[in-house]
Structure formats: structure tokens, C-alpha cells
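In: Sequence below, structure please.
(chains A, B, C and D)
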Number of protein chains: 4
Amino acid sequence: MPETNDPSRVFPPTLHDLEGAAEGVASREAWDYIAHGAGDEATMRANADAWGRWRLRPHVLRDMSDVQVATTVLGTAVSAPVLIAPTAMHRFVHDEGERATARAAARAGVVYVVSMAATTSLEDVAAAAPDAPRWAQMYMLRDRGRTQALAERAAAAGYTAIVASVDGAAVPRRSRLKGGALVPPDWFRFPNLAGPDDPDSTDLMGMVSDFDPATTFEDLGRFAEWSGLPVVVKGVMRGDDAVLCLDGGAAAIAVSNHGGRTLDGVAATAEVLPEVVEAVDGRAEVYVDGGIRSGVDVLRALCLGARAVMIGRPVLWGLAVDGEDGAAEVVTQLADELGRAMALCGRDRVERVGTDLLLPVT
Amino acid sequence: MPETNDPSRVFPPTLHDLEGAAEGVASREAWDYIAHGAGDEATMRANADAWGRWRLRPHVLRDMSDVQVATTVLGTAVSAPVLIAPTAMHRFVHDEGERATARAAARAGVVYVVSMAATTSLEDVAAAAPDAPRWAQMYMLRDRGRTQALAERAAAAGYTAIVASVDGAAVPRRSRLKGGALVPPDWFRFPNLAGPDDPDSTDLMGMVSDFDPATTFEDLGRFAEWSGLPVVVKGVMRGDDAVLCLDGGAAAIAVSNHGGRTLDGVAATAEVLPEVVEAVDGRAEVYVDGGIRSGVDVLRALCLGARAVMIGRPVLWGLAVDGEDGAAEVVTQLADELGRAMALCGRDRVERVGTDLLLPVT
Amino acid sequence: MPETNDPSRVFPPTLHDLEGAAEGVASREAWDYIAHGAGDEATMRANADAWGRWRLRPHVLRDMSDVQVATTVLGTAVSAPVLIAPTAMHRFVHDEGERATARAAARAGVVYVVSMAATTSLEDVAAAAPDAPRWAQMYMLRDRGRTQALAERAAAAGYTAIVASVDGAAVPRRSRLKGGALVPPDWFRFPNLAGPDDPDSTDLMGMVSDFDPATTFEDLGRFAEWSGLPVVVKGVMRGDDAVLCLDGGAAAIAVSNHGGRTLDGVAATAEVLPEVVEAVDGRAEVYVDGGIRSGVDVLRALCLGARAVMIGRPVLWGLAVDGEDGAAEVVTQLADELGRAMALCGRDRVERVGTDLLLPVT
Amino acid sequence: MPETNDPSRVFPPTLHDLEGAAEGVASREAWDYIAHGAGDEATMRANADAWGRWRLRPHVLRDMSDVQVATTVLGTAVSAPVLIAPTAMHRFVHDEGERATARAAARAGVVYVVSMAATTSLEDVAAAAPDAPRWAQMYMLRDRGRTQALAERAAAAGYTAIVASVDGAAVPRRSRLKGGALVPPDWFRFPNLAGPDDPDSTDLMGMVSDFDPATTFEDLGRFAEWSGLPVVVKGVMRGDDAVLCLDGGAAAIAVSNHGGRTLDGVAATAEVLPEVVEAVDGRAEVYVDGGIRSGVDVLRALCLGARAVMIGRPVLWGLAVDGEDGAAEVVTQLADELGRAMALCGRDRVERVGTDLLLPVT
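Out: Just a heads-up that it's a prediction; the model follows:
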């Protein structure tokens, strides 16, 4: 920092521009699935808007000759406080699918959290970028044996954390999709989610119905037990629940409302992040996703106490537009923007940012 | 809960979509009458917006294997905390009119509150769904004898509560209608509202002018006396008035501004519901209507202390689009959405929701 | 109250509709002059918006069989708490000009405040409706003798109050008008404003430049001295200034920002009315204008402590659309709407309304 | 004050209108460079909006026969509390470039702050208006010798203050420009910014990369030492930093976020000005820029404690539309509007305005 721009670069300059480009290249079915949220999409919009309600109060005249955005997540060194969020079916937008995403994460130096609903097996994702750090996301299924088998596969394939999603107590309706839910193309496969009785099933809603609505805090320990890995609980939106997760053995908390895709009307993640950070009180790392669309948004999340952010839709946009290169570019650009933002706020290390840099819009 | 969606279902996926579909099939006159509100329609818009200003703070990891939305209203078991609000002239949008609505309510397992301005007699509505619970809405008329006769008819026809509307101290002007008021088609009949001297009158405004502006809290007891039934007071917008209603013998309070159709500029119902609930202090059930357009809105109302909600315009939309089936679908869909919302908020019974689930938008 | 509507009436149903109709019939020059405000018109918009930020909390079940909106202003009985505000050049929109307005006020039973910039002499306005109450608005001119002469003419012509405008310390620029100011047609005459040296002048800006920027509180007494009439100070926007006006001999205060036509960026009148009412503390009547567009807005003003409202642009809209009948209709309709609003709020006399009926939007 | 308008004047009546006119005459490249801001331009929009959130509470009936807007900045008498902000490359919009701006400032009687990125040398700007006050803006370069040389040139050429910009710790990306940054035309020259090794360079981004990100408060004194001139620190957005600047030897503070061009998401200047004024506590003059678009905005800034405002983009608009005359007109019009606004607020000297005139919009 600082470095000059390369005027020849043609990648869309902001994530908003990238979104438009992705809509132009994705199939209608894929785009509808990716772009839309639950109900009237109030929460989806609120996620993005809520970050903008925290304005920056930059410091000046600090020595910014060496700005670093590198950090660690659960002890793993990463180039930036950015995780690739678990999103389903990457082959929907690019032939290489999750393999491309894995290589992109490796190049960008960040952790890729592979979705239980990936269209590539955990093992094949691992093989695509064997040296890169990777975490495995999953829901607890009604069939605990199947869940255990998946957790064991993740550990065996070199995944270093389980991301347990906890927002599956009911099947969401995606109002904007015909019939309220996606019907995947016939040739899709779900090698992590499909059950042993029907490994080639494309009945996504049927598989989603296998999520166990009776999952409770007591079940968190099972993921750790089965895999021998730390457990990140994804989908927490309250401080009291975060504490119960930690008491149940969680190693980290991911504040998330599933990008506004599960229950419309839920608070924005930026609105509840401070409460969760305060309740966790330094006992564990806290991540956050939802509507993060620039390096400044990443900085806002860090100021509010997040250890790192998870990026969902934008990675899919990059993947759609330019495959592995595009997905890597999204992460790299966010890291670059974060570094510039930190420099322009007089903070050269991620651990030196805090709420002092923020002014709430009234 | 949870259950999969049926992709073959073609009913509009949200009530906003249904509204558009209904506009397409209703006559221009009917649509204008249904859709519009008083004055510049600020209150009509505020009603819907006000629910969205309460955001949800979901709990996770509670056992949601058995979510129930059933409850009771005035002791009557209902499948969901939803009442069909009293709206006028159902034959305006469907040939079967109130008969279809009555059968829809019966199928959906909820109470139908029949309007004094129905285009079907109380007795014929009762006959259409004899075993279903039904309440009768009415205003106090200048001619108390006519009012008494109607209350007695309701009791005789098996209605189990009188819903006394109290927002009739002046005739509203519907600015968007030519002349400020509806002129019903000649073939309409108002078998509950028309007076004995002119039983075939279609002079709606003349009949509305029969509402007694001198009605006071002391009159509430007369409805009970005439009918032997509990009295729900509909149109209360303040805590102090709610207490005076209870002191006057009311059995329940319905917070309502008549869907923004009576006086523009009035507060949204979601804005005053907490004050009324606090004033009533558990002495009676409180219902609310106005701008409720999803199961999440129903959940918000329950969290704020309502026992149930009343649904007005959306039932007419369903009736216009698909008759009995459409009206039933509206109620069923709201109940389904409520159940999913509760599951995703970690609450499996309606009695277990409260303000702890809500975050006001600032 | 209540009374039925006459469906044959074709006058635009709301003042917003009337505005559109007036734009259609007025000349382009007249419309631009009337419609526009100072600068970017933020204050003009804020005036109207600010009333809407006070929501009504209606009472129900009070005996509303006899609702009265009549009141007095400075001891003069009027049919409603509505004054016709002093606006310039009524012949711009109707041939009969101020004569038509005077007859309209007489029919509607309210006071007409005649503008110093009228295109009809004070005497001719008086002759058009000799028995109706009328007040005369004027600025203090640099030439005190001319001002005295005008005040004496007003008293001689039966005007019963002087409305002293105090927002003339600089000539406003109307950004939307070519050159920043109106150039009136040649045939216009200003028989009250033009000086004795050039009685046929149409140099409006020259005449406006005669307003004395050195006018102070001490000068208020001169208007009373010259005319023997009570003085209403128009253009006050602060409580401290209101007190200084009363100490200077004012009989009443009119809160006004000149409809947003003088200085853009000024607070809305509804925003400062409570402060002025509190400072005046019952020592004098307080009026208010700016953005009042319905009977509900009038009710809001009364609740906040105004004795009456002044209506400016809407009277010109009525005059443009239907001459005397149109101007009278505007006042009558506001009075009718006020009565309905009061009945629907459970208040049958204007003296019985107050802040208890209001809920601020947050 | 007051004076009449000249109806023959055709210059756009408000700065918003001027903006439109400028867009019509500027080249696409110049307009994009001038008009756009960083990222999604939220800060750029917030700057302008934030002034409007302070509403005026005018005083009336004070003697406004002699309104003066003249003041001093760092002891230099100026006709109005307006500085021409340092903006780059005036030859982009007019052939005469910075020479025209210098003559415009001289005519309008205000200080012109010449940009380090001017397309005219400091000496040539001085020669264009030798008797007018002028200040020189610059960043600290990695090469301190080059910075010293520039500061010495400024002093030698009669500049009376150094404006040290402190928001250069990273190179901003202008998302709306192809490649994220401007590529100037080949014929541009940067006689103040270009280094001695390549005096004809047009590699603007390369030159911008010479800004030293290691600049700290300790460096502020060097500018004073090299030039013998007082140092204005431009780009301060916090009270604590302002105090550190003063402790480091600054003579004045300019609150600025670079017109929203450097880091999107930063607070609006009007939001932080009060904090900075309070922290400075009268020890130094405070200036402010960002979104000031009318004399009322200038008055708002003065009320909040600014000694003067800096005007950036609007001067370029005037320059584009009408060269020297246009640039002068922008300043003159702001001064005229300020005078009218003060008169209409009952304040005849700039030192008599304060927060008492302001009402925050809630």
C-alpha cells in the first residue's frame, strides 16, 4: 500500500457492477436461485443497507507505509479476513463448479467453506486444491448416522473445521421461484447431501427435508466428536444463543441470516453483530455474512468485532463471469479495498480497528 | 413442520403477488372500492410499513419437531390465530360471495366475521357452513330497534359473538371513488343492513348514515343484552379507550383503523398495538388488523401481544382469484408461513412468542 | 355530522387532485409563480411532509351527534378555524381576482386576509363583500408615510386587523422563475403596493425593494397606532421572537415561512409551531400556514395549539379552477373534512382537541 | 441587501442547474472525472444531504439594513467566507484553466487554493492575478526534497499559506472510471506535481503514488519550516486528530473527505464538523468542504462553527460553462445567497451566527 491501478484491467470495478455482469451470463434459472431471497426480500435488502448505516471516521497522519490485512481464522493463516461462504451448487454457474472455487480460494489465500449442497464431493474439492485450507458445512440430518459419515469424510479429506448450520428448523419458501423452491436440472448430483439409498437424487427439497428440526445445542458436540474438528455454528442472530453455543462446545460463531434466503423479516446481520460480539466477550471468534459488498463493508464488520467475514453471492458472481479467475478476483479485490480503506483510516493492522472508527447514522 | 413444497402449486406465492392477480380479474369498480383508502392513503400505507419496522431476532437450536399454530379465540378452537375480517359485499368479487367465504373459513378452520354490509343474509351465510364458527359484525344504528333485531337474528343463526364496530361517528369520504363514495350496482342487496322500510335498497351511503354517531361506551352492553353473546369492540386505537370498553362490558378488543379506509392520518395499528395490550393487561383478548400480508406479520402481531389477527383485503383477493378455494388458500398459506416462521425463530407454540423476538428498526 | 356525500359533485375530491386540475387551467407563468418556492424547494416540501409526521390517535364511543367546527379569531366569529392567507395577484388565475376571493370567503364564513400585493384595491375588495370580515396584510416600507397611508386606508375600508409580515429583510430569489423573480404582465396593477409616484407600476421587484429591512419589534406598535386595529405578526418561526412580538404590542402570531417561498432550508412550520405555542403561553392567538392540504392537517395544527390555519396556494387552485365557487369550495371542503376528522377522533368542539390526539412518527 | 434581481441574467439560477449546464458542455472524460466519487458514491451523496438535515430557525425584526458577509481567513480579508477549494486539472474543462480561476477569485475577492495537480504552474497562476490572495495545496511526497522545493516555490511566488492534504495514505480507486483511475490526455502537463526526472509526465497515477503514506503529525512542521508560511491541514474528520494537528503546528483545520472521492463510506463533513469545532475550541480557524451547494449551506457551515467553506466542483462547473466569468459567478452568487439568508435570519454579520439558528431534522 499504496499501489497504482492497472488501467487495462477490465474486471467489473465494484461488486455491484459484477452483479450486473453475472446476471448477463448466468442462466435464468441459476440467476433466480442465486439472486432471490425469502418472502418480499426485506431482509436481503436490509443486510446490505445496514452496513451503510455505519459511517467511517478516518484517522489521518499515521504511518501507513506497511498495511497488512492478513490474519488467522481458528489458527489458520489467511491473506485477508475473508472466508468463502458455503453456497450450494457451484456447477449451476460454471462447469468447473466447486473445483474452480477451491482453486480460487487457494490462489487468494483464504479458506473455502464447502457447502453440504455442493455439486462436487468433499473429496474432489479437496483434490482440486489439496494444500489450501478448507472447512465443511453441514446440517444435522434426522439420520444421525448419515451426518456422522459426512463429518468423518470431511475429516478424512483434510477439512479442518465443521461449519454447523443451525437455521434449518423449517424449509424456507423462495417466493420468487416457481413452486416456492428450486427444482435442479436432472444432471445435477449432490454427492455430500444425497443419501446412500439414492445417491443420484436431484430431489433437493426432499433432501432438505432430511434436516433435523429437533437439533439442539446438545447436538453441537456430536460434530466435534465425529470429526475431531472444531465446530463453527452458522446462523446465530442473538447474543444469548451465541453463549449457549459456546457452552455447547462451539469453537466459533458465524452471525448469519442465510443472506435473507430463509426467513424474511429477520434483522440484518450488521444490526445484531454488536450484541453477539458483546455476549461472546472474546471467548471465541465471530464471523459474519450478509450484504457485504466492498472492502469498506469488511472494515465495518471488523470494527464491530468480527474476526472475518463470509462472502457468498459475490463469489458466485465472479465464478459465473470468469470461473476460477473471477472468484479469486472477488476475494483479492475485497482484500485490496480493505487495505486501502484501512490505510485511509490510519490503521495498518486488522487487530487495530474498532468501534472508534464508526459513526452510526441517525 | 418442516414439509416440502408442492412445485405444481400455481397459486400466487405471496400475498403481494395475489394482490396483482386479483386486480387483473376484479371489475374496475370492485377493485377501486377494495383497494383504496381514505384521503391520500397515508394510513393505508403506514399499516403495512409498520409491521416491517419490527425485525425478528430468531432463536436457533430449539427442538422444533412439533410446531403448532392452533389456538383459541373467545374459547373457540381455531387452526391458526387468524380471523377473516368483516368486509363488505363479497358478491362484488365473486358470484358465490359470502357463501364461498364461509365455506373457505370452515375448510381453513378459522372464524369468519360476517359484515353488516354483506350481500348475503346472516342466515344464508350460516347455512353455507353450518358447523363452522362465525361472528357477526355490526354498527349501532340510530334506530336501536333495528340494531336489536339484527343482534337477535345473529344469535338465532348460531353466531357466537357480536363484533361491534365503533369507528362510525362520521361517514368517511373515499377520495378515489367518484363522488367520494361507492354507488353499488342495482342488483346488490344488503339483507343485514337494509331497513325494514326499504329492504331492497342499494343506497349504501344512506344506510351508512343510519349509524348512530351518539353511540358511547354505555351502549356496548346492549349488544350483549340483545344477543346473549360476548362483544368484541372493533376500531379501538388507544389504551385508555380499550380500558373503557372493558369497563363497559366488552369481551375482547380489536385494534383497527379500518384498513386506512375511514380517516387518513391515523396511526398504524402496529404502532398502537403495544399500548393497547399493555392497558388491557391480560383482562381480555386483543386482535389486530391492518396491512398484515405474511405469516411473519402474523408472528409480529402475536409477539406484540395480539391473540389473533384479522385479515381483510387478502381474503377478498383470494375470493376474486379463485372463489372459495382462493379464500381458503389465503388463510392456509398464512398459517403455513406462520408455522415456518415460528420454527425458524425457535418457538413451537403461539403462546411462547413475545417481544423478546423483536428488534425495532431505528 | 355525519351527512352523506353527493355523488354528482365533480369538484376534485382532494386538494392534491385540485392542484393537478389547477395546473391544467392556469397559464404557465401563473402556475410557475404559484407553485414554486425558494431555492431547491426543500422547505416547501418539508412543510407538507411535516404535518404527516404527526399521526392521529382517535378516541371512539364519544357522543358525536353535534360536531361544531366554528370558532372565533380575534373575537370574530368564523364558520371554521380557517383563514384565507394573503397571497398576491389573484387576477393572475381568474379575471375576477380578489373580488371573487372576497365573495368566496363571505360565503364560506371565514376571514379573508388581503395581500398588500393584491391586484385589486383594498377598497374594491371590501366593496365586493361588504359584510364579510377582512384583514389587511402589509410590510413596513422604507417610506413610513406610505405605510401609514395604507394602514389608514385599511381601517377606513372596514378591515378589522393588520397582518404585518416580517419576513421581508431581503428580496427572495425564486430560482425556478426566469431571472429569479416574476415579471408581471403589463396590464397588472398593484393599487395597494404601488407608490403614489408611479401608481400604474408593474415593477413588482422594485416595489418589493421598498420593504424596509430595518423594521424591528419597536415598529409593530406603529401599525396599531396608524390603524387603530390589532396587529397580527406573520412570519414568526421561533418562540423567543414570538414573545418579543407580544411585548411589542402584537395581538396574535402567525407562524409562517411564506410557504417555502422566501428562504429555502428553513424549518417546516409544523416543526416549530409547538415551540411558539409554548412560548406564547396563552397570551395571544397563534395561527399557522404552510403545506396544510386536508382537514386532518387542520386538526393536527389545532392539536398542536393553533387557533386557526391560513390557507394559501389551495385557495388559488380553487380560484383558478372555478372562480368564486372554487375558492369557497376549498374552504368548505376543509371545514367538512375537519368536522369528519374530529367526529372520528371523538372530539366535537375545536377547543377540545390537543396533543393527546397526536403520536409523533419516529 | 436587499437588492433587486436582474431578470436579464441567464446564468443558471441554482448550483444544481449549473451542474446540469456544465455536464452539457464538458467532455465526457472531464465530466466523469469531476462528477464521480469513490465506490458507490454514498459519501458523495451524504455530503450534500447532511447539510439539509440542519434546518434554519430564522429570527425576524432585527435591523438588517447593513448586512455584511466579508470576513478574514488567516488574517486575509475576503469578500465572503468562501475559499476556492484545490481541485485538479482546470484545463480539463476550460482552455484558460487555472489562470481563469485565479482571475475569477481575484474578481470575487476570495482566496484561491491552487492544487498540486494543477495543469498550470504555481508561478503562472500567480502571474495571472498577482494581487489576489492565494494558497498552495500539496501532499508530502516520499521524496522530501521535491516537497521542500515545491513549498519554497509557493512561498517565492507569493502564496501565503500551505494547505497540506493528509488523505493520501492510499491511492483511491474511482470505480466509475475505466480501470479505476483517470488517464489524462497526452497534452496535459503537471508542472507542480511532476518530478524533475520526467517533467512532462502525464502518468497521474504514478505521480499520485509518490505521496508518502508514512506522513505523520510530526511532518506538519516541515511545511511551515520550508515555506515560512502557516499550514492548513486538509482532510481532518475527527476532533482528536484536529487537536493533534494543532499540537503539530497547524494554523488551521479543513474538515474534508475529499468530496467523497477518496474513501466511500466515510461520514459526511457536516456530520463531523461540530465535533472538530468543539475539539479545536477556538485555537484555530476551521474550514469545511463537501456538498455545499447554496448560500444557505454556507450559512449552515458558519452556524456550526466553520470560519469559511471551500467550494470544489461548483467552481469547475462555472469554469466549464463560462470560464472566468462562470467561476466568479459561482462565488458571487454564493456570497449573495449567504447575505440574503443572513438577512432573512436576522443576522447581519458572519460572526453573529451560531447553532441557535439551527434545528436538526430527526
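
In: any idea how far the residue most central in space within chain A is from A:S165?
Out: Among the residues of chain A, the one closest to the centroid is A:A85, at 2.0 Å (CA atoms, centre = their mean). Distance check for A:A85 against A:S165: by CB to CB, to the nearest Å, it reads 11 Å. C-beta coordinates here come from the backbone N, C-alpha and C atoms, glycine included.

In: And A:M205, how far from A:F211?
Out: Plainly put, A:M205 is 11 Å away from A:F211 if you go by CB to CB.

In: Report the set of residues contacting both of the two.
Out: Common contacts of A:M205 and A:F211, defined by CB atoms under 8 Å, 6 or more residues apart in numbering or on different chains, comprise A:V171.

In: neighbour-wise, which of the two wins?
Out: Taking neighbours as other CB atoms under 10 Å in any protein chain shown, A:M205 and A:F211 compare with A:F211 leading, 22 against 19.

In: Hmm, A:D297 is touching A:G290, no?
Out: No. A:D297 lies out of contact with A:G290 (CB atoms under 8 Å); the separation is 9.9 Å.

In: For the two, work out which one has more neighbours and name it.
Out: Using other CB under 10 Å, the more surrounded residue of A:D297 and A:G290 is A:G290, with 31 against 27.

In: Got the confidence number for the more buried one?
Out: At A:G290, the pLDDT value in this model is 98.

In: Next: A:T4.
Out: 35.

In: Next: the one 4 residues further on.
Out: A:S8 carries a pLDDT score of 43 in this model.

In: Figure out the helix or strand that the closest residue to chain C within the stretch 201-350 of chain A lives in.
Out: The nearest approach of the stretch 201-350 of chain A to chain C comes at A:E271, 16.7 Å away (CB to the nearest CB). Mapping A:E271 onto the secondary structure by DSSP states H and E places it in helix A:269-280.

In: does stretch A:316-328 come close to chain D?
Out: No. If you take CB under 8 Å from any CB of the partner chain as the test, stretch A:316-328 misses chain D, and the best it gets is 15.5 Å.

In: which SS state does A:G235 fall under?
Out: Following DSSP: H, G, I helix; E, B strand; the rest coil, the label given to A:G235 is strand.

In: what's the span of stretch A:338-353 from first residue to last?
Out: Counting by CA to CA, to the nearest Å, the length from the leading to the trailing residue of stretch A:338-353 is 12 Å.

In: now what about that stretch, what contacts it?
Out: Identification of contacts with stretch A:338-353 by CB under 8 Å, 6+ apart yields A:1-2, A:56, A:58-64, A:66-71, A:80-81, A:295-296, A:298-299, A:302-303, A:357, D:167, D:169-173, D:213, D:262-263, D:265.

In: List only buried entries from the residues you listed.
Out: A:1-2, A:56, A:58-62, A:64, A:67, A:69, A:71, A:80-81, A:295-296, A:298-299, A:302-303, A:357, D:167, D:169-173, D:213, D:262-263, D:265 (16 or more other CB atoms under 10 Å in any protein chain shown).

In: Just the ones in strands from those residues, please.
Out: Among the buried ones among the contacts of stretch A:338-353, the members falling in strands are A:L56, A:T71 (criterion: DSSP state E).

In: Report the buried residues of the helix holding A:E271.
Out: Residues of helix A:269-280 classed as buried: A:T269, A:A270, A:E271, A:V272, A:L273, A:P274, A:E275, A:V276, A:V277, A:A279, A:V280 (neighbour count, 16+ other CB under 10 Å).

In: just checking, what packs against that helix?
Out: Contacting helix A:269-280 under the criterion 3 or more CB pairs under 8 Å, 6 or more residues apart in numbering or on different chains; DSSP states H and E are the following elements: helix A:42-52, helix A:239-247, strand A:252-255, strand A:285-289, helix A:295-303.

In: One more pass at 10 Å, please.
Out: helix A:42-52, strand A:231-236, helix A:239-247, strand A:252-255, strand A:285-289, helix A:295-303, strand B:358-360 (3 or more CB pairs under 10 Å, 6 or more residues apart in numbering or on different chains; DSSP states H and E).

In: related to what we said a few turns ago, any shared contact partners between A:A85 and A:S165?
Out: Overlap of the contact sets of A:A85 and A:S165 (by CB atoms under 10 Å, 6 or more residues apart in numbering or on different chains) consists of A:S115, A:Q137, A:K234, A:A254, A:S256, A:H258.

In: Most neighbours among those, please name it.
Out: For the shared contacts of A:A85 and A:S165, neighbours were counted using other CB under 10 Å, and A:A254 has the most, 30 neighbours in all.

In: Wait, that one touches A:V286, no?
Out: Yes. The criterion here is CB atoms under 10 Å, and A:A254 meets it with A:V286 at 7.7 Å.

In: Common neighbours of those two, please.
Out: A shared contact of A:A254 and A:V286, defined by CB under 10 Å, 6+ apart, is any residue touching both; here these are A:V232, A:V236, A:V276, A:A306, A:A308.

In: Which one of the residues in the stretch 151-300 of chain A is closest to chain D?
Out: Sorted by distance to chain D under CB to the nearest CB, the residues of the stretch 151-300 of chain A start with A:V296, at 3.9 Å.

In: Next, the contact list for that residue, please.
Out: Taking CB under 10 Å, 6+ apart as the definition, contacts of A:V296 comprise A:51-52, A:54-56, A:334, A:337-338, A:340-342, A:344-345, D:38-40, D:42-43, D:263-266.

In: Which members of these are classed as buried?
Out: The neighbour-count test (16+ other CB under 10 Å) marks A:51-52, A:54-56, A:334, A:337-338, A:340-342, A:344-345, D:38-40, D:42-43, D:263-266 as buried among the contacts of A:V296.

In: quick one: the helices in the stretch 51-200 of chain A?
Out: Along the stretch 51-200 of chain A, counting by DSSP state H, counting those that start in this stretch, helices occupy A:97-108, A:122-128, A:144-156.

In: Chain B is nearest to which of these?
Out: With CB to the nearest CB as the measure, helix A:144-156 is the member of those nearest chain B (14.0 Å).

In: Briefly note if that closest one comes near chain B.
Out: No. Contact of helix A:144-156 with chain B is not found when judged by CB under 10 Å from any CB of the partner chain; the minimum separation is 14.0 Å.

In: still on that earlier bit, tell me the pLDDT of the residue nearest to the residue of the stretch 201-350 of chain A closest to chain C when sequence neighbours are not counted.
Out: Distances taken as CB to CB, 6 or more residues apart in numbering or on different chains place A:A50 nearest to A:E271, at 5.3 Å, with adjacent residues excluded. The pLDDT attached to A:A50 in the predicted structure is 98.

In: Look through the stretch 101-250 of chain A and state the residue closest to chain D.
Out: Closest approach between the stretch 101-250 of chain A and chain D, counting by CB to the nearest CB: A:A108, at 18.3 Å.

In: do the helix or strand bottoming out on mean pLDDT in chain A and chain B meet?
Out: Comparing every helix and strand of chain A by mean pLDDT, DSSP states H and E singles out helix A:204-208 as the least confident one, with a mean of 87. Yes. Legend: contact between helix A:204-208 and chain B by CB under 10 Å from any CB is shown at A:L204, A:M205, A:G206, A:M207, A:V208.

In: Emit the ChimeraX select command for whichever of these are buried.
Out: The following ChimeraX line selects those of the residues of helix A:204-208 next to chain B that are buried, judged by 16+ other CB under 10 Å:
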select /A:204,205,207,208
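
In: Could you dump the residues of helix A:204-208 next to chain B into JSON lines and include distance to chain C?
Out: JSON lines is the format used below for the residues of helix A:204-208 next to chain B (distance: CB to the nearest CB, whole Å):
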{"residue": "A:L204", "distance to chain C": "43"}
{"residue": "A:M205", "distance to chain C": "42"}
{"residue": "A:G206", "distance to chain C": "46"}
{"residue": "A:M207", "distance to chain C": "45"}
{"residue": "A:V208", "distance to chain C": "40"}
